[in-house]
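Trainee: Sequence plus predicted model, see below.
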Amino acid sequence: MRELALHVMDIMENGLDAGADLLTVSICEDRERNLLEIDIADNGRGMDAETLERALNPFFTTRKTRRVGLGLSLLREACRRCGGDMEVRSAPGEGTRVKASFQADHI
């Protein structure tokens, strides 16, 4: 769970760096489906399709303070290791939304 909390904080920090003044985090456990879902959304500047595609590459970042952008790629890998998946939606001027799912009994 600590690892998940760090992923959530990293994505929220990305939103703040992208100019967001509103961040939402929803966590839902569905015991019937054995599913844990985390939904993180911001109203930052968003990403165009090319940047969004590159954002899942661990060696891509728009930050000037470091040369790698492991956040989204590590979260996606954690999801997959736990029988889930991750989806990222974003558009310029519309912010970004990250939905991550995990099989609850694999966490």
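Mentor: Okay, I see it.

Trainee: From here on, just use CA atoms for contacts and neighbour counts.
Mentor: OK.

Trainee: tell me the centre residue of this structure?
Mentor: Ranked by distance to the mean C-alpha position of the chain (Cα atoms, centre = their mean), the top residue is Val98 at 4.3 Å.

Trainee: Tell me the spacing between Ala18 and Gly44.
Mentor: The gap separating Ala18 from Gly44 is 5 Å, by Cα to Cα, to the nearest Å.

Trainee: again with Cys28
Mentor: In this view, Cys28 and Gly44 are 24 Å apart by Cα to Cα.

Trainee: which phi and psi does Asn57 have?
Mentor: Note on Asn57: backbone dihedrals following degrees, to the nearest 10 are phi -80, psi 130.

Trainee: That one touches Ser73, doesn't it?
Mentor: Yes - between Asn57 and Ser73 there is a contact at 6.3 Å, judged by Cα atoms under 8 Å.

Trainee: which one of Ala18 and Gly44 has more residues nearby?
Mentor: Looking at Ala18 and Gly44 with other Cα atoms under 10 Å, you find the greater number of neighbours at Gly44, namely 23 against 19.

Trainee: quick one: the more buried one is in a strand?
Mentor: No - the secondary structure assignment for Gly44 gives coil rather than a strand, going by DSSP: H, G, I helix; E, B strand; the rest coil.

Trainee: How about the backbone phi and psi for the closest residue to it other than its chain neighbours?
Mentor: Nearest in space to Gly44, with sequence neighbours left out and distances taken as Cα to Cα, 6 or more residues apart in numbering, is Ala20 at 3.8 Å. Phi and psi for Ala20, reported as degrees, to the nearest 10, are phi -70, psi 140.

Trainee: Same check on Asn14?
Mentor: As for Asn14, its main-chain torsions (degrees, to the nearest 10) stand at phi -60, psi -40.

Trainee: With that, I have no additional questions.
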